[in-house]
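Fold the stuff below for me.
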Amino acid sequence: MKNLAIPLLVSLIALPVAAQETTGIEIPESYKDKNIEPKTITEIPVESLMAYEAKNGMILFMSKNGRYVLKGELTDIWAKQRLFTSEQIARSASEIPLDTMGIDFNRLGAFTYGTGHDVVHVVTDPACPSCAKLNQQIQKLGDKYTFKILVLPALGEESVQLTKKISCEPDRAKALNALFTKTAHTLKEPENCNFDPMKEAAVTADLIGVDAVPFIIAPDNRYSRGMPSDLKKWLAEGASAPIQAKAQEAISNEHVRPTQQPASNVKEQEASSLNARLLNALQ
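Coordinates of the predicted model:
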């Protein structure tokens, strides 16, 4: 996988932005009168959190390495809702609710393509081969969807320079065409460009976990890290798709972290080791 070159981009732009300014996230109304302003904050070394539903219906939360086990109520602050069941948790983990997060791709300098009612959000890179394939599919679906396309660098210095040219081109139609035709290198060098939207976009991408391109968020908030084998089919699946299939079906592993084992084997082994770690932790 190629990590987004956000640190490089931010250093080139050299304009600080606070992460909270990009999110619009607020404490849920139901908590505002509970005196939950921080007294102390301690960072806990948890790479990821796993939800464990026992056969008796009890749900526990455990760090992936088995060190920490938590009991209590889980709230999805992004979606502004409490999660009571494993199905709700699985759905929450497979979605990015941009609307309730207050994230507006237009404010971040995204291009708009298409006239359809349903909106698809895309994070792409001008030098990414998989993104070029996605661009071809996007142009075939413009009558059914409206695409909000955010251009960010994922492949290092070349991507940074191409992204700056595209983002700073005053003729937006020309810039979008350069992205679609892979001719961004022919655009003029940026002059007196306002890099604030690019910098804010980089911070926002980091917030929502964009670690591979293309990164696609469907109208129903499902997301895909990588290029779906069939974009039209993936977008059409919508709410009818089984929850477990809603996380990306990925696809081109060109710019996505390679899987060391078949997905089914990984899930079986993780479930088995999860049971063992939890039982040991609760003894």
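
So which residues make contact with the helix or strand where residue 179 lies?
Residue 179 is part of helix 172-181, with elements assigned from DSSP states H and E. For helix 172-181, the external contacting residues (C-beta atoms under 8 Å, 6 or more residues apart in numbering) are 111, 113, 124, 126, 135, 139, 149, 151, 165-167, 169, 183-184, 186-187. Just so you know, the C-beta spots here come from the backbone N, C-alpha and C atoms, and that holds for glycine as well.

taking those one by one, which sit in helices?
Among the contacts of helix 172-181, the ones falling in helices (DSSP state H) are 135, 139, 165, 166, 167.

measure the first one to residue 65 for me?
Using C-beta to C-beta, to the nearest Å, we find residue 135 at a distance of 40 Å from residue 65.

where does the closest residue to residue 109 other than its chain neighbours land in three-state SS?
Counting by C-beta to C-beta, 6 or more residues apart in numbering, the nearest residue to residue 109 once its immediate chain neighbours are dropped is residue 197, at 3.5 Å. Per DSSP: H, G, I helix; E, B strand; the rest coil, the local secondary structure of residue 197 is helix.

what about residue 197, neighbour count?
When neighbours are defined as other C-beta atoms under 10 Å, residue 197 has 16 of them.

which of the ones in helices among the contacts of helix 172-181 has the most neighbours?
Of all the ones in helices among the contacts of helix 172-181, residue 167 has the most neighbours under the rule other C-beta under 10 Å, reaching 24 neighbours.

need the contact list for it.
109, 151, 175, 190, 193, 195, 197, 198 are the contacts of residue 167 under C-beta under 8 Å, 6+ apart.

Could you check how many residues crowd around residue 83?
Neighbours of residue 83 (other C-beta under 10 Å): 19.

Residue 51 belongs to a helix?
No - under three-state DSSP, residue 51 sits outside any helix and is assigned strand.

beta partners for it?
residue 61 (DSSP bridges).

Residue 86 is in contact with that one, correct?
Yes - between residue 51 and residue 86 a contact is recorded at 6.2 Å, counting by C-beta atoms under 8 Å.

which of the two has more neighbours?
Applying other C-beta under 10 Å to residue 51 and residue 86 shows that residue 51 carries more neighbours, namely 18 against 14.
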